[in-house]
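Chemist: here is the input, now give the coordinates:
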Amino acid sequence: MQTKTYFPPSELIINEDGSVFHLHVRPEQLADKVILVGDPGRVNLVASHFDTKECDIQSREFHTITGTYQGKRITVVSTGIGCDNIDIVLNELDALANIDFGTREEKDSLRQLELVRIGTCGGLQPYTPAGTFVCSEISIGFDGLLNFYEGRNAVSDLPLERALLNHLGWTGNLCSPTPYAVHANHELVERIARNDMVRGITVACGGFFGPQGRRLRIPLADPRQNEKIESFEYKGQHITNYEMESSAIAGLSLLLGHKATTVCMVIANRVKQEANTGYKNQIDDLIRVVLERI
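Modeler: Residues are numbered from 1 along each chain as shown. Predicted coordinates for the structure are as follows:
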């Protein structure tokens, strides 16, 4: 008989009320369908469409509401900004689903979660102006997070990674990041994107300014980075947008056995150098679409 792995208190921190350390959510409060948003305030916007609400939990930048929408039980969680926060949220959501908090051992029967990130992004192509809905079929991480996990190569598109490294001129450059490229769950992409969203490759960056080619007072290491990214093509696909979370969501979900994709509304087009700061009313349209299709 195979011995189950025991997760000690230093590795899986459980609060006194039986909730997981950062999210403060208990296992029974997690639905199988999960919507991820960056802004804690956006959790209330998503949940405003719910028919019922069973819990409302706030801890740091993590805000969680579980309820029902047209008979579907859904949890919406805010992650804050960046792949480092996604590492916390994805691992704690999986722990809630698949580790017995009483025995601290992996459950015999594992739950598969469906995770959809709803966010905002910067468009990188002429056909992704402000207001465009983009579904990330592939996410490329410039953040390095997945490189810390065993199985990274097994879930990554290695030929795509090599092609991009060569195109950017990063091969052999120790000062450049080591990107990883992960495909979103195909069935979930088909269900969420259908035929009315742009599909493409998304780059998730480890920052908002320099990593996305924005220069304020510090010069960029490669002033042509965005130009190179915009011109990259792989098997007929182009890099459509920048954001900061999709790669970690796609990669960790694949490693943990969950289904995930990211959909974003473009609020700035880097090619046209335009931005829409009044996007908050329009994001509700994307929320409604995801709620209908998740």
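
Chemist: packing partners of the lowest-mean-pLDDT helix or strand in the chain?
Modeler: Least confident helix or strand of the chain, by mean pLDDT, DSSP states H and E, is strand 274-275 with a mean of 80. Applying 3 or more Cβ pairs under 8 Å, 6 or more residues apart in numbering; DSSP states H and E, we find strand 274-275 packed against strand 259-269. No exception for glycine: its C-beta is placed from N, CA and C like everyone else's.

Chemist: and Met1, what pLDDT?
Modeler: We have a pLDDT of 58 for Met1.

Chemist: off-centre distance for the least confident helix or strand of the chain?
Modeler: 23 Å (Cα atoms, centre = their mean, to the nearest Å).

Chemist: show the subsequent helix or strand relative to it.
Modeler: Downstream of strand 274-275, the first helix or strand assigned by DSSP states H and E is helix 283-293.

Chemist: all helices in this protein, in order from the N-terminus.
Modeler: 40-47, 83-98, 158-168, 186-193, 225-231, 246-256, 283-293 (DSSP state H).

Chemist: shaky segments in the stretch 1-150 of the chain?
Modeler: For the stretch 1-150 of the chain, the stretches with pLDDT under 70 are 1-2.

Chemist: tell me how many other residues crowd the closest residue to Val189 other than its chain neighbours.
Modeler: Spatial nearest neighbour of Val189, excluding adjacent residues (Cβ to Cβ, 6 or more residues apart in numbering): Thr261 at 5.1 Å. Around Thr261 there are 29 other residues, counting by other Cβ atoms under 10 Å.

Chemist: surely Thr261 touches Asn185?
Modeler: Yes - between Thr261 and Asn185 there is a contact at 6.0 Å, judged by Cβ atoms under 8 Å.

Chemist: list the strands paired with the least confident helix or strand of the chain, with their directions.
Modeler: strand 259-269 (antiparallel) (DSSP bridges).

Chemist: follow-up on the earlier one: what is the residue nearest to Val189 paired to in the beta sheet?
Modeler: Val116.

Chemist: ok, it - contacts?
Modeler: 115-117, 135-137, 184-185, 188-189, 192-193, 250 (Cβ atoms under 8 Å, 6 or more residues apart in numbering).

Chemist: got the contact list for the least confident helix or strand of the chain?
Modeler: So strand 274-275 is in contact with 129-130, 267-269, going by Cβ under 8 Å, 6+ apart.

Chemist: what's the answer for stretch 157-175, then?
Modeler: For stretch 157-175, contacts defined as Cβ under 8 Å, 6+ apart pick out 138, 140, 176-177, 179-183, 221-222, 225, 228-229, 231-232, 234.

Chemist: okay, and which of the residues you listed map to strands?
Modeler: 138, 140, 180-183, 234 (DSSP state E).

Chemist: between those, which sits nearest Asp284?
Modeler: Ile138 (27.0 Å; Cβ to Cβ).

Chemist: what about the nearest residue in space to that closest one that is not next to it in sequence, neighbour count?
Modeler: Closest residue in space to Ile138, ignoring its immediate chain neighbours: Ile201 at 4.6 Å, by Cβ to Cβ, 6+ apart. When counting by other Cβ under 10 Å, one arrives at 25 neighbours for Ile201.

Chemist: start at 31 instead
Modeler: Yep, numbering from 31; the last one is Ile231 now.

Chemist: list the contacts of Ile231.
Modeler: With contact set as Cβ under 8 Å, 6+ apart, Ile231 has these partners: 166-170, 211, 264, 267-270.

Chemist: can I have the buried ones of those as a PyMOL selection?
Modeler: The PyMOL selection below is limited to those of the contacts of Ile231 classed as buried (16 or more other Cβ atoms under 10 Å):
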select buried, resi 166+167+168+169+170+211+264+268+269+270
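
Chemist: hmm, back to that, as TSV, the helices of the chain with mean neighbour count and distance to Leu154 would be great.
Modeler: Output for the helices of the chain, formatted as TSV (neighbours: other Cβ atoms under 10 Å; distance: least, Cβ to Cβ, whole Å):
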stretch	mean neighbour count	distance to Leu154
helix 70-77	18	23
helix 113-128	21	19
helix 188-198	16	13
helix 216-223	17	18
helix 255-261	16	5
helix 276-286	27	14
helix 313-323	16	19
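
Chemist: want to throw these into TSV with distance to Glu135?
Modeler: Listed next are those as TSV, based on distance: least, Cβ to Cβ, whole Å:
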stretch	distance to Glu135
helix 70-77	31
helix 113-128	10
helix 188-198	34
helix 216-223	29
helix 255-261	44
helix 276-286	16
helix 313-323	34
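
Chemist: dihedrals phi and psi, Gly132?
Modeler: Dihedral angles of Gly132 (phi, psi; degrees, to the nearest 10) stand at phi -80, psi -50.
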